[in-house]
Structures are given as structure tokens and as C-alpha cells.
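Participant: All I have is the shape, not the residue letters:
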Ligand SMILES: NC(=[NH2+])NCCC[C@H](N)C(=O)O
């Protein structure tokens, strides 16, 4: 997957995001204007004329964006690319096969319309295939007619979008998943799905569990996170890296990839020379034990100050680092003691958050750094800059410092050696760095340098910097304690626990639950809400950390969603059913999908697969949170209109709708799978 591919992909995602915004606005306008426009579908004349100005403008803009997106998608979607290649050889793909079980509906419909477009317009190789979910119009929508009409116009052929839509409808191949197609508005094709696919797919889930979408190839992926620095405290930035990294790995593992989670510890470099030199003066036992973690950070800060102010100390610090990096046993031992204390401290936090990654710190690459410097030198890629050896990856960015003027290596050098190791020795085909957005230049330059040095072939290795914005306090300023210090993660998690406990007590749960159940619920809520608040925001944006908001039991919060899941689970339980008995029932009873609200819920559930496919492309986990919230909303609507269990006035059960309990079960199973990817523990009681 090339760099160009990724860039296009990113542009497509941005365009898609813009479309979403416009669609939201459109939705708003439609509801606002519903007195004037009595149908949510656009009026059936072919132009948008006659509609209120803003609406007409938005629709035109929407079409343009979708067209742009379609063009971009054609470039980035391998399936469509293959079709294009066939086109070049004179044969365009017009045949269509019923998709295999587990395929997403969206990708199946894309192939279906691709076949229709190629059949109806064999002379338009650039015709975009634009298929999207449409909330109110139908189930999905094909919006290719408008851009095709424009392409025809550009070629001097007369045509209008409704005619194009009709021609596409005449050219679609047979497909059992589609019940009917209708033309709406200026030329949208509304697609109504056949409910039998819901019966089949949801029954399969209850019987055999939630399955991931089918991937073309299982890849070896290195995910670099949370990568904190020895002798320094973990801060909220590392909290974000931990949370986002863990979920990213879980998602890719669920898809069947081989994921190597590696914590690239900052455990090497001049700072350790400074620290050890300082300990020699302040902590004479440094050879046999490390200072306690609380003091370590203080010593670290003091040593930095001395290093900057005191020339004699500076010289000693350099001598220490040379000794350490030439593996002098005394220095090695002191260094190892310090690392162990720090790592133990990190581990406490990661265990609480269920974060797993193997430590492979910068120190691991010392000999590889020496080699990589030699290689770069031989290739003539290093330039002298005032005594430093630098390498330019991109002309428009600052260069990497490969060797400092004192001969030492840097963060840049270690990342060059690391990427080489990951590609050559670990055989990584995809490398993901989960690191704050402040380092985006570093990773751009790293990628460019790795390509330039022949370490990375962008056609064979995909690289992503999964960047994230800063965490803000409720005052919208950088997250700090009241006294202005950086917030320590342990303290933060403790406060979360306390607040979650208070919340449960407010609701009298300390009396309803056993002490054990209470503790489980308290931890699930505390850590779950911290994770969900982080993951539900678009990661590139900064986000405001607010315990009050994240612990609310209404709206898109972990508390609400976890509560929803326990409620769904309790419906079947109170009717005397277990997941096992429902599985048995699923063998003979069809899932109930006749009621409109049942079918609406089912359609949301069926979108699980395409939601994961999308996240695997852009690595934006907030889509999964949005999806989870949508599931729970669709469930509420279903549950409000459809009885699952009917009781008489005395509360005795009169009738159990097994088909509906099966729908509840499928909902719960999909929600659980989402929680598992988000690394949020679920509870049976709360
Ligand atoms: N390969 C990498 N550069 N990984 C990220 C390292 C992050 C660095 N230790 C920090 O805390 O900012």
C-alpha cells in the first residue's frame, strides 16, 4: 500500500466526513422544513430548483462531494482498481457473483452497482460507484447517476440523472439481497434490502457467534504503543496512547491479523548519563538499588538542571553515557535498576487498564543504530550541518539528526534502526505508531527517510501515524492539577474509581449488589467511562476530560451503554432463558423481523461488518462508538414498540415472543463484541 494510496485514502475520509456534516445539516433542515416538504424524499422532478436555497445548495454540494469521493474511492479500492485494470485490457467487469457469507452489505452493493455501471456505460471508465447508507430513504442508496450524467455532458452527450438512474436499474444483475430499487429526487436510487438476509445473518450470529468481516490477507502488523519514558511519570498523553493503541490492536486481532504490540520505551540516551552522574552524588547506593519511584522523577529533573547549568557536571554526564553505551557493568546495573522500578510502576497502570504490550526500548537498538548510521553514510545520504550529520527525508520538512555533533545518537537515529528491524526481522507489513499529534512531523520525516534509504518499500509496507490531540481540562486549558502540575495517571484512575463508586451508591447499588459485584461494576464503570470518553471523540481533535460528563447515565456514554446491555440481557433472563436455551431455540424459530422497528434494529446490526471494514481503513475508533450508540438507540425504539414478554395484571408471564428474544440476543452479542474491541469490561449487574 503506497504512500500515495494512503494520502488518497485520507482525502476520501475527509470528503466522507464533510458529507456526513452536510447530511446532518440536511437532516436538520428536513425536519425543520417538514411542514413545507411533506416527504423526506426529494420531490420527483429532476432538478433541485424550487427547494429552499440553502437546501438546494447543500444538495448540490453533497452531490459534488460524493462525486469527488467516488473518484477517490475508485483509486483506493483494490476491487475497483482491479476492475479498472481489466478495463484497460479492453474487458470491463460486468459479471457479478452473490457475495460469500460474512461479506458486508455495503461492499456487496458496491460490486453490484459497479457491474451495472460497467454494463450500462462501458465507455465511462471514470464513472464513480457511490453507495451509502440512507437513513430515511430506503436502506442504502446509489448516488452514481448524478456524476455519470455530468460525465456524459462533458463528453457532449445529452442526458439527465433520472434517465441515467433508470438505465442503471435496467442493467443491474440479479441479486437475492436486493428486494427492490426505486428512483427518487434528482436521480438517487433507493435500495430496499430483502429481509431474508437479516434472518440468515442474525440467526448465524445467535448460533455461531459474531464473526469478523473477511479480509483479503492476514498481515503481520507492528503496533507501537504506549511507549512511555523511563524515570518519568506517565501522563495523560500516555493514557490516550494506551487506550487507542489497545483498541486498535484488538480490532486488528479480531480481523485475524498477526499483531505485535511493542512499547518503544524511552530508555536510552544522554538523559541516563545525567541521571546516573547525579545519583553518584545524591544517592550513593545507586549501584545496588534504584531510588523509589517518587524520588526518581525528582532526581531526573535535578539532573537536567545541573546538566544545563554546570559545565563540569555536563562533562561527567557525557562520560557516564559513554560508559553506559559501551556496556560498562556498573553503569549497566544502575541503569537496569532504574528501568525496572519504572517499568513496575507503568505495569500497575497498564494492568488496571487491561493494556498489553511487550517492552522493546530504544536501548535494544544500540548496535543496530551503529549499523544504520554506517549504511546511510555509505549510501551518501548524510549531510554535514554544523558538525551534525543530518538526513533530509522531505525537502519541505526539517531533517533527521542522525549523529549529534558530540557523536551521540538521537530519537531519530533510534527510529531509523527500529523501522529497519521491524521490516527486515519482524517482517512487518503494516507499522502503526500510536503517538500524540505533536510528533506528526517526526513520523512524516521517518517514513520519507526510510523510503529514501531503501528500508521501506511503500508498495509493500503500510505505515500509519495514529495521532491524537491533547487532553484538556474543563477550563479548556491543558489538563493540569489544581496546583498546576501534570496529572498523574494513578491519581486519575483512583479518582475515577471513587466517583464511579459514589455514583453507584447514589443509586443504592451498594445495597442491591454483593461487595464482589459492586467492585466489578465500579471498576468496569470507572475504567470503561475513561476509555469510552477518549475513544468516542475523533482522536485527532483535542478533548475535554470531564468525570461529570463521562459518568452521566444518559447520552453517548459508557455508563448508559453498559446499563443498556445489562437491561437487554435481563429481558431473556427474566423470561427464564439463557444464551444456551436461545441458541437451541434459534435452530427452529426464525428471528422476528416483520415489525418496522424490528427490521430497523436488524439493519443497524447488519452494519457491524462494514463499520469494522471502515475502521480498518482509517483507524478512527470513534466510528465504533457511534455505531454502538446507534445500536442502543435502535434497540430502545424496538423495545418501546414491541413486547418481548407479555404479562397479565398480576405480573404473570402470559406469552414469550421467542423470535424477539432472539433479536435481543443478537443485539447483546454485537454490543459485547464492540465493548470487547473497545477494551471495556461488561458486567451482568450494575
Ligand atoms: N517509535 C516511536 N517513536 N514510538 C513512540 C515513542 C514515544 C516517546 N517515548 C514519547 O513518550 O513521546
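Facilitator: Ah, there it is. Predicted, not measured: the structure shown is a model, and the values here were computed from it.
Participant: Could you pull out the buried residues of stretch 390-399?
Facilitator: 390-393, 399 (16 or more other C-beta atoms under 10 Å). The C-beta positions use only the backbone N, C-alpha and C, and glycine is treated the same way.
Participant: Relative to the whole chain's centre, how far out is that stretch?
Facilitator: Relative to the mean C-alpha coordinate of its chain, stretch 390-399 is positioned 30 Å out (C-alpha atoms, centre = their mean, to the nearest Å).
Participant: one step back: what's the closest of the buried residues of stretch 390-399 to residue 413?
Facilitator: residue 391 (9.6 Å; C-beta to C-beta).
Participant: mind listing what the closest one touches?
Facilitator: 376, 381-383, 399-400, 402, 449, 452-453 (C-beta atoms under 8 Å, 6 or more residues apart in numbering).
Participant: could you redo the last one with a cut-off of 7 Å?
Facilitator: Contact partners of residue 391, counting by C-beta atoms under 7 Å, 6 or more residues apart in numbering, are 376, 381-382, 399-400, 402, 449.
Participant: can you tell me which residues contact the residue lying closest to residue 172 once chain neighbours are set aside?
Facilitator: Of all residues not flanking residue 172 in the chain, residue 116 sits nearest, at 4.3 Å (C-beta to C-beta, 6 or more residues apart in numbering). By C-beta under 7 Å, 6+ apart, the residues touching residue 116 are 168, 171-172.
Participant: same check, this time on residue 641
Facilitator: For residue 641, the contact set (C-beta under 7 Å, 6+ apart) comprises 595, 597.
Participant: For the ligand, see how far away the residue nearest to residue 172 is.
Facilitator: Distance of residue 116 to the ligand, computed by C-beta to the nearest ligand atom, to the nearest Å: 46 Å.
Participant: Help me confirm that that residue is found in a helix?
Facilitator: Yes - using DSSP: H, G, I helix; E, B strand; the rest coil, the assignment for residue 116 is a helix.
Participant: okay but residue 142 is in contact with residue 131, surely?
Facilitator: Yes - here residue 142 reaches residue 131: they are 5.2 Å apart, a contact under C-beta atoms under 7 Å.
Participant: Between the two, which contacts overlap?
Facilitator: Common contact partners of residue 142 and residue 131 (C-beta under 7 Å, 6+ apart): residue 113.
Participant: what does this structure put close to the ligand?
Facilitator: 224, 227-229, 264, 266, 415, 418, 433, 435 (C-beta under 6 Å from any ligand atom).
Participant: tell me which element residue 168 is part of?
Facilitator: Using DSSP states H and E, residue 168 maps to helix 161-171.
Participant: After that helix, which helix or strand is next?
Facilitator: Downstream of helix 161-171 (by DSSP H and E), the next one is strand 178-184.
Participant: What strands flank that next one, and is each parallel or antiparallel?
Facilitator: Applying DSSP bridges, strand 178-184 is found paired with strand 188-193 (antiparallel).
Participant: List of residues touching the helix or strand that comes right after the strand it pairs with?
Facilitator: Scanning forward in sequence from strand 188-193 by DSSP H and E, the next helix or strand is helix 195-208. Helix 195-208 is contacted from outside by 177, 582-583, 586, 590-591, 593, 599, 602, 605-606, 662-663, 665-666, 669, using C-beta under 7 Å, 6+ apart.
Participant: Stretch 374-381 now?
Facilitator: Contacts of stretch 374-381 with the rest of the structure, by C-beta under 7 Å, 6+ apart, involve 382, 391, 402, 452-453.
Participant: can you give me the strands in the stretch 451-600 of the chain?
Facilitator: Taking DSSP state E, counting those that start in this stretch as the test, the strands found in the stretch 451-600 of the chain are 462-468, 471-472, 543-544.
Participant: list the helices and strands the last one packs on?
Facilitator: Going back to what we said before, that points to strand 543-544. Applying 3 or more C-beta pairs under 7 Å, 6 or more residues apart in numbering; DSSP states H and E, one finds that strand 543-544 contacts strand 471-472.
Participant: will you turn the strands of the stretch 451-600 of the chain into TSV that also has mean pLDDT and mean neighbour count?
Facilitator: Listed next are the strands of the stretch 451-600 of the chain as TSV, based on pLDDT from 0 to 100; neighbours: other C-beta atoms under 10 Å:
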stretch	mean pLDDT	mean neighbour count
strand 462-468	97	22
strand 471-472	94	19
strand 543-544	92	16
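Participant: Distance to residue 422 for those strands - can I get that in a markdown table?
Facilitator: Converted to a markdown table, those look like this (distance: least, C-beta to C-beta, whole Å):
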| stretch | distance to residue 422 |
| --- | --- |
| strand 462-468 | 10 |
| strand 471-472 | 28 |
| strand 543-544 | 30 |
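Participant: Report the beta-bridge partners for the residue of the stretch 451-600 of the chain found nearest the ligand.
Facilitator: Nearest residue of the stretch 451-600 of the chain to the ligand: residue 465, at 9.6 Å (C-beta to the nearest ligand atom). Beta bridges link residue 465 to residue 433, judged by DSSP bridges.
Participant: And the residue of the stretch 551-686 of the chain found nearest the ligand, its phi and psi?
Facilitator: Nearest residue of the stretch 551-686 of the chain to the ligand, counting by C-beta to the nearest ligand atom: residue 619, 15.9 Å away. Main-chain dihedrals, residue 619, degrees, to the nearest 10: phi 60, psi 40.
Participant: And for the one 4 residues further on?
Facilitator: Its backbone dihedrals place residue 623 at phi -60, psi -40, with angles given as degrees, to the nearest 10.
Participant: can you tell me which residues contact it?
Facilitator: Counting by C-beta under 7 Å, 6+ apart, residue 623 touches 611, 614-615.
Participant: mind listing the helices for the stretch 451-600 of the chain?
Facilitator: 489-506, 509-512, 515-535, 547-550, 558-574, 579-586, 596-606 (DSSP state H, counting those that start in this stretch).
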